[in-house]
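*Asks:* fold the following and give me the result.
(chains A and B)
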Amino acid sequence: MRVEQRRSTSKPDEGLLERVLLAKVNGFVAELCKTRKTINLMEVCGTHTMAISGFGIRRAVDPRLRLLSGPGCPVCVTAQGEIDAAIDIARAEIGYSHGFPRRRAVAVPPVVVTFGDMMRVPGTQTSLEQEKAKGADVRVVYSALDALRLAEDTPDRQFVFLGVGFETTAPTVAATVLAAQESGVRNFSVLPMFKTIPPALDAIASSDRVNVDGFILPGHVATIIGTRPYELLRDKYHLPSCVVGFEALDVLQGILMLLKQMQTGPQVEIQYKRSVRPEGNEKAREVMDTVFRPCNATWRGIGAIAGSGLEFRREFAEFDARKRFRIAKRRTPNAERRTACRCGDVMLGVIVPPECKLFAKTCTPESPVGPCMVSTEGACAAYFKYDRN
Amino acid sequence: MTKSKVEMTKSQTPEWNPPGIFGDIVDPRIVMGHGAGGRKMHRLIKNVFVKHLGSPALRKLADAAVLPGFVPKMETVPQRGHVPGATRQARRGCVPRAMVMTTDSYVVQPLFFPGGDIGKLAVCGTVNDLAVMGAQPRFISLAFVLREGLEVKKLESICRSIAAACRKAGVQVVTGDTKVIERGEEEELYVNTTGIGELLPRAQLGPEQVKPGDRILINGPIGEHEAAIAVARGAYRFRGKAESDCAALDGLILPLLAKPGIRIMRDPTRGGLATTLNEFAEATGLGFVIDEAALPISSHVHGVAELLGLSPLYMANEGKVVVVADRKAEDRLLAKMRRHLLGKRAASIGEVVKGRAGVWLKTRLGSLRPLIMLEGEQLPRIC
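*Replies:* Next comes the predicted model:
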C-alpha cells in the first residue's frame, strides 16, 4: 500500500539533493561564523525573493545566514508618481498632443494595458484595480506584444502599455515598439518606468549603512546583460557575487558558491550556466539600446539613482505615452506619503521586514504602506506570505 | 527579533484578527478579487451578506446548507442498510430525510473548454457541493442569463451536456428560468443553479469532528481546471494537453461514507487547495500541515503555473475533493478512492496537528512555511 502510494505521488529520493546541498551550506555557515556573527547575502530579483521564501530556504538555513531581499521587484520600486501617471491616463485626465489636435477633450479614454502585478499597487490616491472597478478600461497581458495586438485589433482607441521592469522586460518592450513602428500602428504607446540593476547595485554597495557580504545576482537580468556590468562588485567593492537560477537547487548551489568565495576571494561567478553567458544576449541589448537610452530614475523607498532608468530615444518619442498624453513629470519623492515605513532599510538590507514596526500590523498586502508590501514579489509581501511564524 | 516572537504566539490563537487581514474593511467598490475565493471574498461575505442576511444555516458558510426544518431525529433513521441503498429503504418507510440545499453561478469563459463546458461544469459543481456535505444529489434548477446574439446551436450543445451530466449523477432538472440581456463584449451565457439533495444517514460531517492526528487526502492532481481554462483562453498561445478535471464526484464520495471515519470534505474550487485548507483551519482552529513532496501535480499543470507565475496550490479544481479523515481509516479510504475512475491518483497529502494553527507546507527541504489564504486573485508576475 505504502509503496504504491509513493510511486504515484513522488519519487523515493524526493528532495534528497536539496537536503544534501542544504547540509553543505549550513556546514560552511558554521565554519565562517567562527570569526563573524552573521553572513548577509542579498538577492535583487523578485523571483529569487519568491523562490527563497517559497521553497522554504530561508527557514531551512542556519539563521546566522541572513538572506536579504534588495530592490529586486520592479513593481515595488516604481515611484508612486509614476503609478499616478498611469491612473491619470486610465481616468483620461490628460490632454492629447504629439500628432493629435491640441487640447482635444478625450471622449474615449485610453486603454491601459499592464502586467498583472501592477493592478493592485496603490498610487497616492487609488490603484488601477479600483479604477477598473469604477469603469476605467485596464487590461492585463502577459507580454508587450499582446498589448500591441490589442491595439491593432481596435484601431479607434488608444492603448498605453505600462513599461515596468528591469533589463529582462525592457528588450521585449523595445522589440514591440520596433514592431509597432514597422507596421505603422498609431494607437499604441508605452509609459516607460524601466529600471536597470547595475546602477542600483552600485548604490547599495557604496552606501555606508549597508552590510552585505555578497550578492545573489539575478539570472534573468544577467541572461540579457551578461556579467560584465557586475564586475564592479568585485573590482570596486571586493564583494563576492554569483548569477543564480531560480530552482531550489540553483539557489542553494549559488549560496554555496558565494560562501566559498568568502573564503577564497571575490569573483563574479555564474551558477545559472544553462541560461547565462558572460557576454549576455547582444541582440536583446542592441534592440534595447536602439529604442531606449539611460536616464536618471527614482526608486520608491530608495530615492534617485543616477543612470538607473530608461527613456525613449528621440527617434521613438512618438511612442512615449508621457509625450503623447502630455503627462507632467512629477517630482515623485514629494508625492510619497511620509510614514514610519522602513522599506528603504529593508531594500538596503539594513533590516529584515519583521523588524519594521508596521509589518503585518498596519502594513499588509491588503493595505500596504510601503513599496515592499505592494507587489506579491516584494520582500515584505514574501515575508508576510511565507515567512511569518 | 523579539517582534517576530510576539507574532508567533499571536498567530497560534485562531481568534487573532490583525487589521486588514480578517478586519472589517470592505473596499468601496467590488473588484475582480472579490470573486476569487480569497480573503477579499470572505470579508465581503462576512461584512455584507452575513451581516444583513445571516440565518443560522448561512452562518456556517458551508458549501451547502442542511435545511433546518427537515433535520430528522437521529433515532428515526434506520441504522441498517448501505449507502445509497439506505436512502431508498428509508424512503419506502417514509422516514423524513434531512434536505441539503446549495446554489452556485457559473460565468466561465470560454463556454467550451477541453474536458467540459459551462453546462457540465454547472451540474458537476452543484452535485459536488451537495456530495461533500454527505448528501445524495436529487434535484437541480437552472437559471440561464443569455446574451443577445448567442447561437442557439451553442445553447443546445450546452443543454445536451447538462442532460448527460444529470443522467450520470442521477439528478433531475426540475425547474428553470431564462433571461436575455443586451449584447455586450464577452460572455454569452451565465448559468445559476440550485441543488437539492438528501442527507445520508451516516453523514456526520463538520469542522467540529476534525481532531489532531487526522489525515488529509485528495483524490488526484491539483490545478487541472484552471490550467485548462488558462490554455483554452488562448491569450498565452501555448498548446498542451491540459484538460479540465470537471467531474461529478457523488459516485466517488458517497460510497466512502458507508463507514465512519470521514470528518469533513470540501471541493477545492476557486482559490484551490490552499484556500480550502485555510477555511478548514479557520473553522476548526487546528493546524493543517501538507507535504510538498506528496502533492499530486501533473507536469503540464506545473508547466502552465510556472509560465504564468501562479501556484498550483491556489489554482481552481472542479473534480477534486479534500477529505479529512481518521488516521485509522486512511488506508481503507485511499484504496477505495483509487478503485474509482476519479480517484486513481488519490494521495494522502498531510495531517491535522494541534498547537500550530493555520495551514503549513512542509517543503522538500524539510522546513515548514505558512500557506496563507490569498487576498484576492492570483496575479501573474512580471519577472
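*Asks:* what are the boundaries of the helices in the stretch 51-200 of chain A?
*Replies:* In the stretch 51-200 of chain A, the helices defined using DSSP state H, counting those that start in this stretch lie at A:57-60, A:80-91, A:128-133, A:144-153, A:170-183, A:197-206.
*Asks:* tabulate those (JSON lines), appending mean pLDDT, mean neighbour count and distance to chain B.
*Replies:* Quick note: C-beta positions are derived from backbone N, CA and C, even for glycine. Shown next, in JSON lines, are those (pLDDT from 0 to 100; neighbours: other C-beta atoms under 10 Å in any protein chain shown; distance: least, C-beta to the nearest C-beta, whole Å):
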{"stretch": "helix A:57-60", "mean pLDDT": "92", "mean neighbour count": "22", "distance to chain B": "4"}
{"stretch": "helix A:80-91", "mean pLDDT": "86", "mean neighbour count": "23", "distance to chain B": "14"}
{"stretch": "helix A:128-133", "mean pLDDT": "87", "mean neighbour count": "21", "distance to chain B": "4"}
{"stretch": "helix A:144-153", "mean pLDDT": "92", "mean neighbour count": "20", "distance to chain B": "7"}
{"stretch": "helix A:170-183", "mean pLDDT": "95", "mean neighbour count": "21", "distance to chain B": "11"}
{"stretch": "helix A:197-206", "mean pLDDT": "92", "mean neighbour count": "20", "distance to chain B": "11"}
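*Asks:* nearest to residue A:259, out of those?
*Replies:* Closest to residue A:259 of those is helix A:57-60 (C-beta to C-beta; 13.8 Å).
*Asks:* of the helices of the stretch 51-200 of chain A, which is nearest residue B:303?
*Replies:* Residue B:303 sits nearest to helix A:144-153 of all the helices of the stretch 51-200 of chain A, at 19.3 Å, using C-beta to C-beta.
*Asks:* just checking, what packs against the closest one?
*Replies:* With contacts defined as 3 or more C-beta pairs under 8 Å, 6 or more residues apart in numbering or on different chains; DSSP states H and E, the packing partners of helix A:144-153 are strand A:111-114, strand A:159-163, helix A:170-183, strand A:188-192.
*Asks:* the same query, at a cut-off of 6 Å, please.
*Replies:* With contacts taken as 3 or more C-beta pairs under 6 Å, 6 or more residues apart in numbering or on different chains; DSSP states H and E, helix A:144-153 sits against strand A:159-163, helix A:170-183.
*Asks:* which regions of the stretch 1-150 of chain A sit below the pLDDT cut-off?
*Replies:* Applying pLDDT under 70 to the stretch 1-150 of chain A flags residues A:1-13, A:93-107.
*Asks:* would you mind putting the helices of the stretch 51-200 of chain A into JSON lines with distance to residue A:117 alongside?
*Replies:* As requested, these are exported to JSON lines (distance: least, C-beta to C-beta, whole Å):
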{"stretch": "helix A:57-60", "distance to residue A:117": "21"}
{"stretch": "helix A:80-91", "distance to residue A:117": "12"}
{"stretch": "helix A:128-133", "distance to residue A:117": "11"}
{"stretch": "helix A:144-153", "distance to residue A:117": "15"}
{"stretch": "helix A:170-183", "distance to residue A:117": "16"}
{"stretch": "helix A:197-206", "distance to residue A:117": "18"}
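*Asks:* what's the local residue count around residue B:32?
*Replies:* Per other C-beta atoms under 10 Å in any protein chain shown, the neighbour tally for residue B:32 reads 15.
*Asks:* in space, what's closest to it - neighbours in sequence excluded?
*Replies:* What sits nearest to residue B:32 in space, not counting adjacent residues and going by C-beta to C-beta, 6 or more residues apart in numbering or on different chains, is residue B:377, at 5.8 Å.
*Asks:* wait, is the one you found part of a helix?
*Replies:* No: assessed with DSSP: H, G, I helix; E, B strand; the rest coil, residue B:377 is coil; it does not lie in a helix.
*Asks:* which residues does it contact?
*Replies:* Taking C-beta atoms under 6 Å, 6 or more residues apart in numbering or on different chains, we find residue B:377 in contact with B:32, B:33, B:36.
*Asks:* how does it look with 10 Å?
*Replies:* Shown in contact with residue B:377 (C-beta atoms under 10 Å, 6 or more residues apart in numbering or on different chains): A:116, A:119-120, A:129, A:140, B:31-38, B:40, B:270-271, B:310, B:314.
*Asks:* secondary structure class for residue B:126?
*Replies:* Following three-state DSSP, we place residue B:126 in the helix state.
*Asks:* find the nearest non-adjacent residue to it, please.
*Replies:* residue B:195 (3.8 Å).
*Asks:* roughly how far apart are the one you found and residue B:179?
*Replies:* As judged by C-beta to C-beta, to the nearest Å, residue B:195 and residue B:179 stand 20 Å apart.
*Asks:* who's more crowded, those two?
*Replies:* Set residue B:195 next to residue B:179 and count neighbours by other C-beta under 10 Å: residue B:195 wins out with 27 against 9.
*Asks:* hey, what's that one bridged with?
*Replies:* Applying DSSP bridges to residue B:195 gives these bridge partners: residue B:102, residue B:140.
*Asks:* residues contacting it?
*Replies:* With contact set as C-beta under 10 Å, 6+ apart, residue B:195 has these partners: B:64, B:100-104, B:122-123, B:125-131, B:135, B:137-141, B:169, B:171.
*Asks:* which pLDDT value does the model give it?
*Replies:* With respect to pLDDT, residue B:195 scores 96.
*Asks:* now swap in residue A:338 and tell me
*Replies:* Value listed for residue A:338 in the pLDDT field: 63.
*Asks:* same check on residue B:130?
*Replies:* On the pLDDT scale, residue B:130 gets 95.
*Asks:* that one: how many residues sit nearby?
*Replies:* Counted by other C-beta under 10 Å, the residues lying close to residue B:130 total 31.
*Asks:* for whichever residue of the stretch 201-350 of chain A sits closest to chain B, give its distance to residue B:44.
*Replies:* In the stretch 201-350 of chain A, the residue that lies nearest chain B is residue A:220 (5.9 Å; C-beta to the nearest C-beta). Applying C-beta to C-beta, the value for residue A:220 to residue B:44 is 37 Å.
*Asks:* where does pLDDT dip in chain B?
*Replies:* For chain B (pLDDT under 70), the answer is B:1-26, B:69-96, B:185-187, B:235-238, B:379-383.
*Asks:* walk me through the domains of it.
*Replies:* As given by automatic domain parsing, the domain ranges for chain B are B:7-59, B:97-199, B:207-370.
*Asks:* most tightly packed of these?
*Replies:* Stretch with highest mean neighbour count among the domains of chain B: domain B:207-370 (a mean of 21; mean count of other C-beta atoms under 10 Å in any protein chain shown).
*Asks:* distance between that domain and the chain's centre?
*Replies:* Distance of domain B:207-370 from its chain centroid, counting by C-alpha atoms, centre = their mean, to the nearest Å, is 10 Å.
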